[in-house]
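Colleague: Starting from these lines, generate the structure:
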Amino acid sequence: MSTSPTISFIGAGNMASAIIGGMLESGHQADAIWVSAPDDGHLQNLRNKFGVSVTTDNRYCAQQADMVVLAVKPQVMADVCRDIAPVVQNTRPLMVSIAAGLTAQTLDDWLGGGLPLVRVMPNTPSLVGKGAAGLFANEHVKDEQKTLAESVFKSIGSALWVDDENLLHGVTALSGSGPAYFFLMLEALEAAATEAGIAADTARQLAIQTMAGAAEMAARSEHDPAQLKRNVMSPGGTTEQAINTFEEGGMRELVSKAYNAAFRRSEEMAKELAGKQ
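Modeller: Now for the predicted structure:
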């Protein structure tokens with residue numbers, strides 16, 4: 001008999017698979033995990049890989065759970081929520097959505113109202129156990145439910161709470177879209193090094209390891225990024241020349257402009273999606 005709370009996933013895509021893998025590595029028991037999806041073949045692959053229970057019946061999947069993770073595309077979320085609403089209104093599990101753009105109020109309305117609900121904005125590094133997730137809980141979520149949701153997403157990286165749901169737009173612009181910002185820097189560094197004569201594969205490996213090492217130093221250090229940057233710089237040296245070039249080129253302003261563009265687009269997409277349901 002499992003001693004882990006039962007967690008059901010509605011949807012069996014890459015993010016659901018990553019979360020399940022992280023949970024199992026963190027000690028959650030496979031017999032306390034359920035997954036539902038329309039494709040039985042995909043479900044059988046998950047069962048073979050993880051040893052979890054699977055079904056094509058969303059209502060049956062939701063009925064088993066202390067916590068239901070809604071891991072379907074935003075475009076089909078309304079139908080999924082309305083389908084399982086009679087079940088979850090009876091069993092009252094913690095509902096968790098990883099869909100971008102759909103507000104807690106909208107989701108709760110589709111689910112029949114009054115349910116404890118957590119919205120999570122994960123990011124793609126979750127697929128390799130290095131995710132960064134922002135979480136928001138509605139007023140119905142109890143402390144022990146927050147702890148449960150946090151533990152699930154900590155199994156694939158870090159999980160940090162925001163008090164205002166609107167701040168999830170900021171999380172989207174930072175950690176949600178952020179991996180692409182760093183990939184752009186990797187792409188640019190690799191191209192510059194290749195143009196200088198370094199083999200492309202060597203340039204890529206050096207750039208990736210440098211970024212990974214810098215991130216690890218920032219995570220472990222008591223210093224802020226500004227001080228860490230100064231620690232690398234010597235007066236009149238190579239790093240100083242490069243940093244001065246970035247500053248003169250308006251890098252800070254460009255990063256701010258890009259962040260705010262992503263923030264505004266997140267707000268726009270939420271409104272567009274709400275209008276289509």
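Colleague: Poorly predicted segments of the chain, please.
Modeller: The chain contains residues with pLDDT under 70 at 1-2, 275-277.
Colleague: Quick check: the gap between Arg119 and Ala137.
Modeller: 8 Å (CB to CB, to the nearest Å). All C-beta atoms are positioned from the backbone trio N, CA, C, and that covers glycine.
Colleague: How about residues contacting stretch 73-90?
Modeller: 10-11, 58-59, 62-63, 68, 70, 72, 95, 97, 99-102, 107, 110-112, 115, 273, 276-277 (CB atoms under 8 Å, 6 or more residues apart in numbering).
Colleague: do the same with stretch 250-260
Modeller: Residues outside stretch 250-260 that contact it (CB under 8 Å, 6+ apart): 173-174, 181.
Colleague: got the end-to-end distance for stretch 59-69?
Modeller: Terminal residues of stretch 59-69 are spaced 13 Å apart (CA to CA, to the nearest Å).
Colleague: quick one: buried residues of that stretch?
Modeller: 61-69 (16 or more other CB atoms under 10 Å).
Colleague: Kindly report the same for stretch 206-213.
Modeller: So stretch 206-213, judged by 16+ other CB under 10 Å, has buried residues Ala207.
Colleague: Can I get that stretch in PDB? Just the C-alpha atoms.
Modeller: What follows is stretch 206-213, C-alpha atoms only, in PDB (Å, rounded to 0.1, in the frame of the first residue of the first chain):
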ATOM      1  CA  LEU A 206      33.400  25.700 -24.200                       C
ATOM      2  CA  ALA A 207      30.500  28.100 -24.300                       C
ATOM      3  CA  ILE A 208      28.100  25.600 -22.700                       C
ATOM      4  CA  GLN A 209      30.500  24.700 -19.900                       C
ATOM      5  CA  THR A 210      31.300  28.400 -19.300                       C
ATOM      6  CA  MET A 211      27.600  29.200 -19.000                       C
ATOM      7  CA  ALA A 212      26.900  26.200 -16.700                       C
ATOM      8  CA  GLY A 213      29.900  27.100 -14.600                       C
END
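Colleague: ok, and what's touching that stretch?
Modeller: 182, 185-186, 189-190, 193, 198.
Colleague: For PyMOL, what selects the buried ones among the residues you listed?
Modeller: Only the buried entries of these go into this PyMOL selection, using 16+ other CB under 10 Å:
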select buried, resi 186+189+190+193
